[in-house]
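Undergrad: Sequence first, predicted model second:
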Amino acid sequence: KYNDQYNIYAGRVPYDVSTSKGSPSHNPLSNLMTTTSCPAGWTSVVDTWWTNWKDQLFYALAQEFQPTNSGGQTCGGGTQCLRVGYGHYAAVVMFANSGLAGQTRASDTTGVNSTPRGTISNYLEDVSTGVGNASNFTGASGNEVYITGAASSTFNDVLCTIDDNLNVNCP
């Protein structure tokens, strides 16, 4: 099971978010990520969803919105936020669509630390060598530029953006 890590700006969606909030905070994005209560009957739905889709779902967080910040952050053109196109965002959620030519995906029997799962370019794409979602995800420092666009034979990542008011925009 994936677990979160303290002071990391990108990752796969963790099953356990117990360390994502390293100190008391009023950051609304942190509070959203660490909410553990589900409506009655939803625990099994979430577990089933997570088991089947955990490898394909990634997130990146802006430096400005790290869990230890106290709140009141904004992404009005700041360098401490993520960019997708011309917009600045608190976070981005990336879904690795169907595997493309050359990508090897892990099976349910493959270990969590396996080469397919640990090789981000097996899930996310770059638009050219070293430029794009896979490269920026791997070296995330909280102010990257992520790429979205129409699905093609070489790119099919689906991105949802989260602005500084926690509004979610998905294609």
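TA: Received it, and whenever you're ready, just let me know what you need. Numbering: from 1, shown residues only.

Undergrad: going forward, measure contacts and count neighbours with C-alpha atoms only.
TA: Noted.

Undergrad: How about the contacts made by R117?
TA: 55, 105-106 (Cα atoms under 8 Å, 6 or more residues apart in numbering).

Undergrad: Can you tell me the SS state at it?
TA: helix (DSSP: H, G, I helix; E, B strand; the rest coil).

Undergrad: now swap in the one 4 residues further on and tell me
TA: Secondary structure, three-state DSSP: S121 is helix.

Undergrad: What distance do you get for it to T115?
TA: 11 Å (Cα to Cα, to the nearest Å).

Undergrad: ok, and what's touching the helix or strand harbouring F137?
TA: F137 is part of helix 133-138 when elements are defined by DSSP states H and E. Here helix 133-138 makes contact (Cα under 8 Å, 6+ apart) with 10-11, 60, 120-121, 123-126, 144-147.

Undergrad: mind giving me TSV with those residues and columns for secondary structure?
TA: Shown next, in TSV, are these (three-state DSSP):
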residue	secondary structure
A10	strand
G11	strand
A60	strand
I120	helix
S121	helix
Y123	coil
L124	coil
E125	coil
D126	strand
E144	coil
V145	strand
Y146	strand
I147	coil
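
Undergrad: doesn't D126 make contact with A96?
TA: No. Using Cα atoms under 8 Å, A96 is not in contact with D126, being 12.0 Å away.

Undergrad: With neighbour numbers in mind, choose between the two.
TA: Each of A96 and D126 has its neighbours counted (other Cα atoms under 10 Å); A96 has more, 22 against 18.
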